[in-house]
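Trainee: No sequence on hand, only this structure:
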Ligand SMILES: Cc1cc2nc3c(=O)[nH]c(=O)nc-3n(C[C@H](O)[C@H](O)[C@H](O)COP(=O)(O)O)c2cc1C
């Protein structure tokens, strides 16, 4: 296997590993949007990796600002850094909100209760409050936690390009990986 292919294989491996290995650096990543010409970014938890579909996914609240931003501009950049392995990934792609009801229900049912509770909150993320915890769900809502599924979204990021950077005291390495759907993968070494 060529070195370039090995790098890509390893990227998929590490992304997948982060779903099951506690504390893996790729577990949390930052996703950036542009809205009205202005940048925005936030951390999210990586929840799924699909090498065949060339996509990754995370979960969010349908009422959050980022979801509105995706509806206006679905081109995004996701940023990962693995400090021990000195590897940065900049993943560029397009957002596709999951619409398969079975997939959504399965992910919801597999979620921990603690994660489900976030989706029961009375107010959407970013809503103005009169006191810091006024947004929290009502105690009576705990009897029907699964009502939260109404606010639960799976956000797929269909990958177009990966900018891979490996820091090394003997010489950094950087490569662009073009992953356009239904096309052969293209690799290009670039200066770091
Ligand atoms: C470590 C960490 C993990 C987070 N994971 C998620 C997540 O998986 N999904 C999510 O919607 N927000 C997550 N958040 C909160 C977001 O960073 C953000 O504050 C929130 O989603 C509102 O963002 P928005 O206003 O851009 O929609 C996380 C924050 C931190 C610090």
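Mentor: Yep, it's here. Keep in mind it's a predicted model, so treat the numbers as computed, not measured.
Trainee: contacts and neighbour counts: CA atoms only from here.
Mentor: Noted.
Trainee: Where do the helices of this structure begin and end?
Mentor: Taking DSSP state H, the helices of the chain run over residues 3-17, 65-72, 101-110, 113-117.
Trainee: Would you point out which residue is most central in the chain?
Mentor: In the chain, the residue lying closest to the centroid (CA atoms, centre = their mean) is residue 58, at 4.4 Å.
Trainee: contacting residues for that residue?
Mentor: For residue 58, the residues meeting the contact criterion (CA atoms under 8 Å, 6 or more residues apart in numbering) are 44-48, 154-156.
Trainee: show me which of these neighbour the ligand.
Mentor: The overlap between the contacts of residue 58 and the neighbours of the ligand (CA under 6 Å from any ligand atom) comes to 44-45.
Trainee: Filter the contacts of residue 58 down to the buried ones and express that as a PyMOL selection.
Mentor: The following PyMOL line selects those of the contacts of residue 58 that are buried, judged by 16 or more other CA atoms under 10 Å:
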select buried, resi 44+45+46+47+48+154+155+156
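Trainee: Quick one: the contacts of residue 58 as JSON lines, columns for pLDDT too.
Mentor: As requested, the contacts of residue 58 are exported to JSON lines (pLDDT from 0 to 100):
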{"residue": "44", "pLDDT": "98"}
{"residue": "45", "pLDDT": "98"}
{"residue": "46", "pLDDT": "98"}
{"residue": "47", "pLDDT": "98"}
{"residue": "48", "pLDDT": "98"}
{"residue": "154", "pLDDT": "98"}
{"residue": "155", "pLDDT": "98"}
{"residue": "156", "pLDDT": "98"}
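Trainee: how about TSV for the contacts of residue 58, with distance to residue 17 added?
Mentor: Shown next, in TSV, are those (distance: CA to CA, whole Å):
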residue	distance to residue 17
44	17
45	13
46	11
47	11
48	10
154	20
155	19
156	18
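Trainee: taking the contacts of residue 58 one by one, which sit in strands?
Mentor: Helix and strand membership here follows DSSP state E; of the contacts of residue 58, those in strands are 44-45, 48, 154-156.
Trainee: which one of those sits closest to residue 90?
Mentor: Looking at those and their distance to residue 90, the nearest is residue 44, at 14.7 Å (CA to CA).
Trainee: circling back to that earlier point, and which of the ones in strands among the contacts of residue 58 is nearest to residue 128?
Mentor: Nearest to residue 128 among the ones in strands among the contacts of residue 58 is residue 44, at 21.7 Å by CA to CA.
Trainee: OK, contacts around the closest one?
Mentor: Under the criterion of CA under 8 Å, 6+ apart, the contact list for residue 44 reads 28-31, 58-59.
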